[in-house]
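# here is a sequence with its predicted model. Questions after.
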Amino acid sequence: MATELGPTPVKSPASGGTPVHHGPKGVGEDNKILSQGKWATWLLAPTIIALAVVIVYPIISAIVMSFQKDAGLDPVTGLFTAGGPAGFQNYVNWLAQQCAAPGGGTVACPPGTLGGQFWSATATTFFFTVVTVTLETVLGFWMALIMARTFRGRSLVRAAVLVPWAIPTAVTAKLWLFIFAFEGIANKLFNTSILWTGSEWPAKWAVIIADVWKTTPFMALLILAGLQMIPADVYEAAKVDGATTWQRFRMITLPLVKPALMVAVLFRTLDALRMFDLPYILTGGANNTTTLSILVINQIRQGFNAAAALSTITFIIIFLVAFIFVRFLGANVVEQSGATGKGKK
Amino acid sequence: MSAATAATDLRAQQDRGRKAAQNKEKWAQGRTYVSAVVVLIWCLAPAYWMVVTAFREVGFTYDTSILPTHVTLDNFNTAFDTSFGNHFGQALLNSVFIGGVVTVVSLLIGVFAAYALARLNFRFKFLVLGFILGASMFPGVALITPLFQLFTNIGWMGTYQALIIPNISFVLPLTVYTMTSFFREMPWELEESARVDGCTQGQAFRKVILPLAAPAIFTTAILAFISSWNEFLIASQLSSDATQPVTVAIASFAGAQPNQIPYTAIMAAGTIVTIPLVILVLVFQRKIVAGLTAGAVK
């Protein structure tokens, strides 16, 4: 009865009863959202406040610091010079690889100093990121495809891939340092006599191999979880239609696993861009294995404010990469993680 | 007559077809096993090498026989020996303490946020989710510089709180994120029935949801503890000999001779640090994998 009256609003002022049917429902809904919003505020407040204290405050503080001069001893006069506003000088110094010159002004940083390493550290960081993430994606996909099959001992494999993940990175670094030692097992196994941590390319590959070993399992598990979301009857239907294995992989597996894959690649990329532990312990940053994170750490004890500028640059680089991923490559993490909640509601 | 031949022909053909299919199946199965063995060796061989070296006499550090030889427990004594300036025993306690506090604090704060994000409808929900996700991918170096200066100024360098607070910055987002995905999977109809039976939302949460959520919270706690246990960057800069966690202790582990790395002792220390984690991870394998991949795929 009420539903029949509903679409005719003309009647409502006359009877006065019709709005009652619509009104309370709408108001109730509003109240519900309002009270849920209030609840949400209270429940979220501790987390937001905690994150504001431990993350937002340091970021702002770092940005403020990055516009200050570092106090220190003047190399020429030997006198203590106070800090003070520096404008963009710290940033310019890093980007143009300029160092403070004796008697004021700046000159190109002499080789070997921290100031002269910005672009090489950036190149190293991106090189590590591209190579490790590519290798981890390919190997991780392969491992995931194996673990998705049914065979006896599958659970053993699934357990085994968790072992490298569970070993702390610091221990991983020492373990691979030992494996790559001159008299170590790697040289024995491959019948080589390479000083792995002694020159540029072996050192870089040592870091890459250790990183791939440690983090491929994580990649594999994320991709496997994506694979398991694909219903089996899709494959059956394709098989009946005569699709080859390769066609099934290209036309079904790849597009359907793509959202999970993109998120996994995004996670790993952001993680690789801040790589620190492995090269710091494995090579100490020698032989062109200094990443941006290592450069920041080395700079801290030589001047907070210059270090703050560099860490801000690093942060901006990582933020830009994340933005490009989400915006142009369709790695929509937030929507992905929000999807079930919305679907179930 | 001819019909019968046709029938046998057909059957033979079918047989051949079936055999070919079976062969193909067998081949595929064989390839799977070979690949699985390759994965097993790739994942386990380096870890195995660590354990084997940990039990090897120092004089045979570079022995390359695959099986355990020259077995000894000495390295475990050396790992805990403090005469060369190592503090591994203390570091173990520090790591347990720091990891414990970080985990408990993150869970206590994060469980409410996760509940709100999983269950309630409110404006800016995606903004909050995005903020928390962004926080979890935040580079540690962006925090370390201001914290280094701040903690130097207020005299907190080398204290426990100087290590605990930054750790919360990356463990808390992880906690909220993981628990949110777990909470979405829970049977919330029970909450509705509790409300129908006269519980307030708060009571429904405490009496019905929290017990149900215990496994999810436990898994999240393991993940939180592991990520705090593995932290190195911040600890390497802000800790002292007295407060350093195991990762720092192992990275700076010194031997009797300064230019000789005491690998067997380091591998022993590494084994001690790793074994509890590996056991924990293997026992709760299913839950951990679910927690790790939560949110990324669903």
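Nice, thanks for sending it over.
# what's the neighbour count on residue 289?
Since you didn't name a chain, this refers to chain A. A:Thr289: 25 surrounding residues under other CB atoms under 10 Å in any protein chain shown. C-beta coordinates here come from the backbone N, C-alpha and C atoms, glycine included.
# oops, wrong one, chain B.
21.
# any idea how far it lies from A:Glu136?
17 Å (CB to CB, to the nearest Å).
# ditto for B:Gln203
B:Gln203 is 47 Å from A:Glu136, by CB to CB.
# of those two, who's got more company?
Each of B:Gln203 and A:Glu136 has its neighbours counted (other CB under 10 Å); A:Glu136 has more, 27 against 14.
# the helix or strand harbouring the more buried one near chain B anywhere?
Using DSSP states H and E, A:Glu136 falls within helix A:118-148. Yes. Applying CB under 8 Å from any CB of the partner chain, one finds helix A:118-148 in contact with chain B at A:Trp142, A:Met143, A:Ile146.
# find the nearest non-adjacent residue to the last one, please.
Counting by CB to CB, 6 or more residues apart in numbering or on different chains, B:Ser35 is the residue found nearest to A:Ile146 once chain neighbours are left out, at 4.8 Å.
# would you agree the one you found falls within a helix?
Yes. Looking at B:Ser35 with DSSP: H, G, I helix; E, B strand; the rest coil, it is inside a helix.
# before we move on, back to that, closest one to A:Ser311 out of the residues of helix A:118-148 next to chain B, please.
A:Met143 (34.6 Å; CB to CB).
# that closest one: how many residues sit nearby?
If you count neighbours by other CB under 10 Å, A:Met143 ends up with 27.
# need the per-residue pLDDT for it.
With respect to pLDDT, A:Met143 has a value of 94.
# could you look up the SS state of B:Ile98?
Following three-state DSSP, we place B:Ile98 in the helix state.
# just the buried positions in the helix holding A:Glu136, please.
Within helix A:118-148, the residues that count as buried by 16 or more other CB atoms under 10 Å in any protein chain shown are A:118, A:121-122, A:124-126, A:128-129, A:131-133, A:135-137, A:139-148.
# for stretch B:55-69, same thing?
B:Phe55, B:Arg56, B:Val58, B:Thr61, B:Tyr62.
# rebuild these as CSV, extending it with secondary structure.
Below are the buried residues of stretch B:55-69 laid out as CSV (three-state DSSP):
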residue, secondary structure
B:Phe55, coil
B:Arg56, strand
B:Val58, helix
B:Thr61, coil
B:Tyr62, coil
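# what subset of those is also close to chain A?
B:Tyr62.
# show me where the stretch 1-150 of chain A has strands.
According to DSSP state E, counting those that start in this stretch, the stretch 1-150 of chain A carries its strands in the segments A:68-69, A:72-73, A:80-81, A:84-85, A:98-100, A:106-108.
# the fifth one pairs with which strands, parallel or anti?
Right, the one you point to is strand A:98-100. According to DSSP bridges, strand A:98-100 has the following sheet partners: strand A:106-108 (antiparallel).
# chain center to the partner strand: distance?
Counting by CA atoms, centre = their mean, to the nearest Å, strand A:106-108 is centred 34 Å from the centre of its parent chain.
# again, but for stretch B:84-97
21 Å.
# cool, stretch A:57-64 as well?
21 Å.
# ditto for stretch A:42-51
Its chain's C-alpha centre and that of stretch A:42-51 lie 23 Å apart, by CA atoms, centre = their mean.
# pLDDT on stretch B:188-199, on average?
Here the average pLDDT along stretch B:188-199 is 83.
# go on, stretch B:144-158?
pLDDT averaged over stretch B:144-158 gives 90.
# ok, now which ones touch A:Ala286?
Residues near A:Ala286 by CB atoms under 8 Å, 6 or more residues apart in numbering or on different chains: A:Thr197, A:Ala203.
# from A:Thr197, how far out is it?
7 Å.
# what is in contact with the two at once?
With CB under 8 Å, 6+ apart as the test, A:Ala286 and A:Thr197 both reach A:Ala203.
# mind pulling the model confidence for residue 80?
In the absence of a named chain, this looks at chain A. Confidence score, pLDDT, at A:Phe80: 63.
# actually chain B
In the predicted model, B:Phe80 carries a pLDDT score of 93.
# any idea which element the nearest residue to it once chain neighbours are set aside lies in?
Ranked by CB to CB, 6+ apart and with sequence neighbours excluded, the top spatial neighbour of B:Phe80 is B:Gly89, at 4.9 Å. Assigned by DSSP H and E, B:Gly89 falls within helix B:88-119.
# any buried residues in that helix, and which?
Within helix B:88-119, the residues that count as buried by 16+ other CB under 10 Å are B:88, B:90-92, B:94-95, B:98-99, B:101-103, B:105-107, B:109-119.
# can you check stretch B:265-281 too?
Quick answer for stretch B:265-281 (16+ other CB under 10 Å): B:265-274, B:277-278, B:281.
# correct me, but A:Thr269 touches A:Val133?
Yes. In terms of CB atoms under 8 Å, A:Thr269 counts as a neighbour of A:Val133; the distance is 5.3 Å.
# may I have the residues that are in contact with A:Ile318?
A:Leu270, A:Leu273, A:Arg274, B:Met137, B:Pro139.
# can you do 10 Å?
Each residue near A:Ile318 by CB atoms under 10 Å, 6 or more residues apart in numbering or on different chains is listed here: A:Thr125, A:Thr269, A:Leu270, A:Asp271, A:Leu273, A:Arg274, A:Leu292, B:Met137, B:Phe138, B:Pro139, B:Val141, B:Ala142.
# state the pLDDT value of the third one.
Yep, that's A:Leu270 we're talking about. 91.
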